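Chemist: Below are the sequence and a predicted model for it; my questions follow.
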Number of protein chains: 2
Amino acid sequence: MNTPATSAFDEAIALSETAPGRYRGQTHPGYANMVGPFGGITAATALAAVCRHPERLGSPVALTVNFATALADGAFELEARPVRTNRSTQHWVIELRQNGAVAFTATAITATRRDTWGVDDEAKPAVPAPDSVRQMAIPSPVQWVKRYAMRPIEGLLPMKWDGSGIGSRSRLWVRDEPPRPLDFASLTALADVFYPRVWLRRATMVPAGTVSMTVYFHAGPEELAATGTGWLLGQARAQGFRNGFFDQTAQLWNEAGRLLATTHQVVYYKE
Amino acid sequence: MNTPATSAFDEAIALSETAPGRYRGQTHPGYANMVGPFGGITAATALAAVCRHPERLGSPVALTVNFATALADGAFELEARPVRTNRSTQHWVIELRQNGAVAFTATAITATRRDTWGVDDEAKPAVPAPDSVRQMAIPSPVQWVKRYAMRPIEGLLPMKWDGSGIGSRSRLWVRDEPPRPLDFASLTALADVFYPRVWLRRATMVPAGTVSMTVYFHAGPEELAATGTGWLLGQARAQGFRNGFFDQTAQLWNEAGRLLATTHQVVYYKE
């Protein structure tokens, strides 16, 4: 497989350093959402700022991002600050500003990974292999969806918006398009690839947007390298919907069945 | 039921304001853990600082806390800062310092709740009622455990540490002891009441400590009031253990079966 050295993803998360830990970035038209950029690419950019920081210790274990407002298309300023460095863990505070106002906050934890006992308790579900699932040609009005190859297995976007929904679970094979070797930044963006659960649960399209997302990285550098440009199996479902907010709990495995990340978000919805 | 006006919980989360949004607190011996205080009480104190802030909008929807180090017993300084206030949501950044160093960071989101369509997708499991489950007399060396009444249903702390564990799920009825009307702060602390999943999964006691915890509040003020001093059903399980970190995903329902909170954490473990 011929993988280009850079891709729209690399362009989108690119940052220029203006001072130690301070960066300038720019939203990318290829990752545009309805309003502003795809949240996953903003989260990925925040983590990329941590990963490239000269004082970084180890690799990401946890990331929480809070979307304080819809970003405007254009330039932004990002600050990533290590607020506490221990022997094997490091705590980060991240802030993104546009026109002087806070648009996004995040916290991250990086750590040196050690060899320990381990097991995946949440096993990869038995699903058809990626090659036997038809790729979705998504008639999407938004650009970011085109940056991913998606092969949905269950819980597709409803074809009829008739209020008939009963469940909130989706499963799909997904990877970057064009294929790009998996890293912590792209895994972060992939954690946000699921459309709003409220659309599926109600078969009703209502305004919805992620307010906060957390990603726990079970994969270390070795599992990322072993995954490469392969497909990820994504599974997402909601737990509760009430008073304008619902949550999503999701998992991402590689084709070999390794749990790479678990992720959660709380999402605003209207009506 | 005779509920005291204040309790050890109220004492533990008490703060004195030193400047707008800046508070001074003190760890409470009644909530002591092996080293420093119970993480749940620190998380609850951080949320209490947000709740009492004069600029607060609405009620908590999400909280993420990061334990940058084990707190020392004694005084601490807490700052809660609204970094973005929208029409119906507000974003908070919280920092706790001891002896001038960052010991704990957090972010929170508060929002005005609105009447919308809603449903609990994660239904309360069928379990025996609290009255028919025996209360656990925990021979615990730590104080905080005594601040809770616990009636375990499944996934009890192993009696034999023989490496025989097979699953990571626990279910228990739990409430403050003495009973105290549920609020956002006590619900936060209850989200951290589960012992480390790695002990159950391996039937092996290894050093373990929460690094980051997120709570999504499905309950608004009405559900809290309806729950009062009643029992909560807590359910927790792990999804993946690898290279010194595992995650926990958990739910808390009230006796009537309402999903009050979903919560996740990533936990450090040794060996």
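Modeler: In hand now; what should we look at? These numbers were taken from a predicted model, which means no experiment stands behind them.
Chemist: Which SSE is immediately downstream of the longest helix seen in chain A?
Modeler: Longest helix in chain A, counting residues (DSSP state H): helix A:39-51. Sequence order places strand A:59-67 as the next helix or strand after helix A:39-51, per DSSP states H and E.
Chemist: Following element in sequence after that next one, please.
Modeler: With secondary structure assigned by DSSP H and E, strand A:59-67 is succeeded by strand A:75-85.
Chemist: thinking in terms of the whole chain, how far from its middle is that following strand?
Modeler: Remark: strand A:75-85 is offset 19 Å from the chain centroid, using C-alpha atoms, centre = their mean, to the nearest Å.
Chemist: what about the nearest residue to A:Asp115 once chain neighbours are set aside, how many neighbours?
Modeler: Leaving aside its sequence neighbours, A:Asp115 sits nearest to B:Asn243 (C-beta to C-beta, 6 or more residues apart in numbering or on different chains; 6.9 Å). C-beta here means a position set from N, CA and C on the backbone, and glycine is covered the same way. For B:Asn243, the count of nearby residues is 22 (other C-beta atoms under 10 Å in any protein chain shown).
Chemist: For the stretch 101-250 of chain A, just list every one of the helices.
Modeler: For the stretch 101-250 of chain A, applying DSSP state H, counting those that start in this stretch gives helices covering A:184-190, A:197-202, A:221-227.
Chemist: Contacts for the last one, please.
Modeler: What that stands for is helix A:221-227. With C-beta atoms under 8 Å, 6 or more residues apart in numbering or on different chains as the test, helix A:221-227 has contacts from A:59, A:113, A:181-184, A:187, A:219, A:254-256, A:258, A:260.
Chemist: can we see that at 10 Å?
Modeler: Outside helix A:221-227, the residues within contact range by C-beta atoms under 10 Å, 6 or more residues apart in numbering or on different chains are A:58-59, A:113, A:175, A:181-184, A:186-187, A:217, A:219, A:252-256, A:258-261, B:242-243.
Chemist: re the thing from before, any residue of the longest helix of chain A up close to chain B?
Modeler: No: contact of helix A:39-51 with chain B (C-beta under 10 Å from any C-beta of the partner chain) is absent, the minimum separation being 12.5 Å.
Chemist: Name the residues of that helix that are buried.
Modeler: A:39-51 (16 or more other C-beta atoms under 10 Å in any protein chain shown).
Chemist: same deal with stretch A:125-133?
Modeler: By neighbour count on 16+ other C-beta under 10 Å, the buried set for stretch A:125-133 is A:Val127, A:Pro130, A:Val133.
Chemist: and stretch A:227-241, how far out from the chain's middle?
Modeler: For stretch A:227-241, the distance to the chain centre is 10 Å (C-alpha atoms, centre = their mean).
Chemist: that older thread, ok now the longest helix of chain A, how far from the chain's centre?
Modeler: Helix A:39-51 sits 9 Å away from the centroid of its parent chain (C-alpha atoms, centre = their mean).
Chemist: Kindly provide the whole-number mean pLDDT of that helix.
Modeler: Mean pLDDT, computed over helix A:39-51, is 98.
Chemist: The buried residues of stretch A:125-133 into TSV, with extra columns for distance to chain B?
Modeler: TSV is the format used below for the buried residues of stretch A:125-133 (distance: C-beta to the nearest C-beta, whole Å):
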residue	distance to chain B
A:Val127	17
A:Pro130	22
A:Val133	24
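Chemist: who's in contact with A:Leu57?
Modeler: By C-beta under 10 Å, 6+ apart, the neighbours of A:Leu57 are A:Pro82, A:Thr85, A:Asn86, A:Arg87, A:Ser88, A:Thr89, A:Gln90, A:Thr110, A:Ala111, A:Thr112.
Chemist: And these, which of them are buried?
Modeler: Buried positions within the contacts of A:Leu57, assessed by neighbour count (16+ other C-beta under 10 Å), are A:Pro82, A:Thr89, A:Gln90, A:Thr110, A:Ala111.
Chemist: Is the last one in contact with B:Tyr269, as I believe?
Modeler: No: the pair A:Ala111 / B:Tyr269 is not scored as a contact, 12.0 Å apart, by C-beta atoms under 10 Å.
Chemist: anything in contact with each of the two?
Modeler: Both A:Ala111 and B:Tyr269 are contacted by B:Asn243, B:Gly244, B:Phe245, under the criterion C-beta under 10 Å, 6+ apart.
Chemist: what's A:Lys146 in contact with, if anything?
Modeler: A:Ala8, A:Gly30, A:Tyr31, A:Ile138, A:Ser140, A:Glu177.
Chemist: Most neighbours among the residues you listed, please name it.
Modeler: Within the contacts of A:Lys146, neighbour counts (other C-beta under 10 Å) peak at A:Tyr31, which reaches 27 neighbours.
Chemist: Where does the prediction get shaky in chain A?
Modeler: Applying pLDDT under 70 to chain A picks out residues A:1-5.
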